[in-house]
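> using only what follows, build the 3D model:
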Amino acid sequence: MNIVKVLDDYSKTEEQRELVEYLKEALPSTICLEPIKNKEFIRRYMTPLNDFVIWTTAIPCADARRVLK
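Okay, here's the model as predicted:
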């Protein structure tokens, strides 16, 4: 897994914006990939906050009169 960094996603000062404009013209891409070093943190971050399973017995697009008969 990699962390994807895009220069356009960061807030920049006026000087940094000028540098980014130069880099956009000079480089083929302004995207940087960095391998994830702390994989345990990512596993904790990506796990759900609870183990509840939400389900319903509703019928999609059902007309209420047909269901109640």
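> can you pull out the helices in this structure?
With DSSP state H, the ranges of helices along the chain come out as 14-26, 39-46, 64-68.
> turn the ones you listed into CSV, columns for mean pLDDT.
CSV is the format used below for these (pLDDT from 0 to 100):
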stretch, mean pLDDT
helix 14-26, 89
helix 39-46, 76
helix 64-68, 53
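> wait, which of these is closest to Lys5?
helix 14-26 (12.5 Å; CB to CB). In this view, the C-beta of every residue, glycine as well, is placed from N, C-alpha and C.
> contact partners of that closest one?
By CB atoms under 8 Å, 6 or more residues apart in numbering, the residues outside helix 14-26 that reach it are 7-8, 12, 30.
> tell me which of those residues fall in strands.
Assigned to strands by DSSP state E, none of these qualify.
> for Glu40, state which of the residues you listed is nearest.
Checking these one by one against Glu40 (CB to CB), the nearest turns out to be Leu7, at 28.5 Å.
> neighbours of that closest one, how many?
The local packing of Leu7 (other CB atoms under 10 Å) involves 18 other residues.
> cool, and Lys24?
Using other CB under 10 Å, Lys24 is surrounded by 13 other residues.
> ok so, going back, and the contacts of helix 14-26 as CSV, adding pLDDT and distance to Thr47?
Below are the contacts of helix 14-26 laid out as CSV (pLDDT from 0 to 100; distance: CB to CB, whole Å):
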residue, pLDDT, distance to Thr47
Leu7, 79, 30
Asp8, 79, 30
Lys12, 84, 33
Thr30, 84, 32
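> now rank the residues you listed by neighbours and give me the top one.
Leu7 (18 neighbours).
> which residue comes closest to that one once chain neighbours are left out?
Thr30 (4.2 Å; CB to CB, 6 or more residues apart in numbering).
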